[in-house]
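**Q** Pasting a predicted model and its sequence here:
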Amino acid sequence: MALTANRNVDHYVDQELRTLALADNVYVFRGALLGLSPTGYARPLVAGDRFVGLAYEETDNIGGAAGDLSVRVYTRGDFELPLPGATFPDIGRPVFASADDTLTFAAAGNSCVGIVQDVLDAGEIILRLDTTQRPVKTITYEVADLSAGQDVAARAIHSFGVEGWIVAARVVNESTAAAGIDASNTCVVQLATGAGVVATKTFDNTTPFPAANASTSMGTISNAHAPAGTVLTLAVTNGSTANPGPFHVCVDYV
């Protein structure tokens, strides 16, 4: 219903620091990346948690119940942290965390924690925290049931209307089993942009094509940056007996 009288509303002037209740039986070190437990309490980040900030202080809740203690956290700001493999072209790239002390560019199963604001040196970045949970969007392209040995030349499957960063890619088989793929008759699935190869996966007798209704990662992402107007292409190259059957290629980006 509508207000019928004045009300006092707390105004938080400091938008950088917040106080969060801790999960049971956890120890937080200053500088730890924090996530939310399934019950909504802060804890040292576990891959896949919703990211809530970086610990401003050390807090020991070992032996304590959920909510017994609280911890102050930075929810915004720029922080110098290690990220192996980061270089200057990664400025603006989304960053994920797999643990309370581990940053990565790999999205699968991890938590989005911010972007690369600057690179101080190889493997050392300034991370701009982002607790707003930037949504990961997915491009899905269906590859028709190819005949054995039939290829798909570089084919446009998406155009980025605004700047994006590709974070993961997967091959998802439909309901049929692949056939004829071996060391001499490989199936190569490749994604690329004008900047070069984004991801490639070679299926053979040691790296089998996904089973029916299963998926597999295409591995490490290269040339992840997709400026507005970038066109993403897909190519499939099959050996003479290689027949993967109908499948999807899924590409995640933010």
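**A** Perfect, thanks for sending it.
**Q** Let me know how buried Glu142 is, in neighbour terms.
**A** Other residues within reach of Glu142, judged by other Cβ atoms under 10 Å, total 12. Heads up, the C-betas are built off the backbone N, CA and C, glycines and all.
**Q** what's the helix or strand for the closest residue to Leu45 other than its chain neighbours?
**A** Spatially, and ignoring its direct neighbours in sequence, Leu45 is nearest to Gly35 (3.9 Å; Cβ to Cβ, 6 or more residues apart in numbering). Using DSSP states H and E, Gly35 sits in strand 33-36.
**Q** need the contact list for Ala42.
**A** Leu20, Ala21, Leu22, Ala23, Val28, Leu34, Gly35, Leu36, Val52, Val71, Val73 (Cβ atoms under 8 Å, 6 or more residues apart in numbering).
**Q** Dig out what it forms beta bridges with.
**A** As for beta bridges, Ala42 partners with Leu22, Leu36 under DSSP bridges.
**Q** before we move on, what about Thr140?
**A** Those that pair with Thr140 in a beta bridge, by DSSP bridges, are Cys250.
**Q** what does Arg170 give?
**A** Applying DSSP bridges, one finds that Arg170 bridges with Ser217, Cys250.
**Q** Correct me if wrong: it contacts Phe247.
**A** No: applying Cβ atoms under 8 Å, one finds Arg170 not in contact with Phe247, separated by 10.0 Å.
**Q** Neighbour count for the two, which is higher?
**A** More crowded of Arg170 and Phe247, by other Cβ under 10 Å: Phe247, with 24 against 20.
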